[in-house]
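After the sequence you'll find the predicted model.
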Amino acid sequence: AQSVAQPEDQVNVAEGNPLTVKCTYSVSGNPYLFWYVQYPNRGLQFLLKYITGDNLVKGSYGFEAEFNKSQTSFHLKKPSALVSDSALYFCAVKDSGGYNKLIFGAGTRLAVHP
Amino acid sequence: EPEVTQTPSHQVTQMGQEVILRCVPISNHLYFYWYRQILGQKVEFLVSFYNNEISEKSEIFDDQFSVERPDGSNFTLKIRSTKLEDSAMYFCAARKVGTSTDTQYFGPGTRLTVL
């Protein structure tokens, strides 16, 4: 069965520092991976996805993610964090066996401190 | 980013009552989904819907739940007899009917509180 793990409940970063939010996955077949962000009292906003091609994927708001097949990871990164990046981040994988439903990780709360 | 809208933003109901949650998907995004997020927990898939039929449903989606697209624009989730454990944030999502890797775009959610 497909699954996604986000090993950190919370990540704390100082503004201006690089940030990484970790995600590992387990799938049968090719992984199709997504990152979404959830701001307080808001829905899930799409950040980026990996389908195929370059292992470094660039997305919205300066975020990028690195796909690593050997480590089955898809970590979200940003070179310089902003206080406004503070939110809940979800990694997800497309279910290969179904009608494309997304399987989500538990989420990681990112707190960027001034 | 394409916008999916949902109404109401917050619904409070008594246990045993019926609720209908509404979603207006993006035009030309014809594959629909409902997910839910119980407070503090992960987002869980409920059901997918295409061409006026359920494509797939999770074990959460029991006989108390139903979905339909009554008028060609709205997409609804009905819970016939709500239980306390149905309290959650319910998200609608939509994607194009193109490749299976097309992005799902989510609405802002409806917070359902069952008392």
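Arrived safely, thanks for sending.

pLDDT below threshold where in chain B?
B:1-2, B:99-101 (pLDDT under 70).

Around chain B, which positions in chain A sit nearby?
A:32, A:34, A:36, A:42-46, A:49, A:51, A:60, A:90, A:92, A:94-95, A:98-107 (C-beta under 8 Å from any C-beta of the partner chain). Using the backbone N, CA and C atoms, a C-beta is placed for each residue, glycine as well.

which of the residues you listed are buried?
Neighbour-count burial (16 or more other C-beta atoms under 10 Å in any protein chain shown) applied to these gives A:32, A:34, A:36, A:43-46, A:49, A:51, A:90, A:92, A:94-95, A:98-107.

got the residues of chain B near chain A?
B:1, B:4, B:6, B:31, B:33, B:35, B:41-45, B:48, B:50, B:55-56, B:58, B:91, B:93, B:95, B:100-101, B:103-109.

Kindly export stretch A:52-71 (C-alpha atoms) in CSV.
Provided in CSV are the C-alpha atoms of stretch A:52-71 (Å, rounded to 0.1, in the frame of the first residue of the first chain):
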residue,chain,number,x,y,z
THR,A,52,9.0,12.8,-13.9
GLY,A,53,12.2,14.6,-15.2
ASP,A,54,14.4,16.8,-13.1
ASN,A,55,14.8,15.8,-9.5
LEU,A,56,14.7,19.4,-8.4
VAL,A,57,11.2,20.8,-8.8
LYS,A,58,10.4,24.4,-8.4
GLY,A,59,7.1,25.6,-7.2
SER,A,60,5.1,28.6,-5.8
TYR,A,61,6.4,31.2,-3.3
GLY,A,62,10.0,30.3,-3.8
PHE,A,63,9.7,26.7,-2.6
GLU,A,64,11.4,23.8,-4.3
ALA,A,65,11.5,20.1,-3.6
GLU,A,66,14.2,17.5,-4.3
PHE,A,67,13.1,14.0,-5.4
ASN,A,68,15.6,11.3,-4.4
LYS,A,69,14.6,7.9,-5.6
SER,A,70,17.3,5.9,-3.8
GLN,A,71,16.2,7.4,-0.5
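
Of all the residues in it, which ones are buried?
So stretch A:52-71, judged by 16+ other C-beta under 10 Å, has buried residues A:57, A:59, A:63-67.

Report the two members of the residues you listed separated by the largest distance.
A:63 and A:67 (13.8 Å; C-beta to C-beta).

center of chain B - which residue?
Nearest residue to the geometric centre of chain B (C-alpha atoms, centre = their mean): residue B:34, 3.1 Å.
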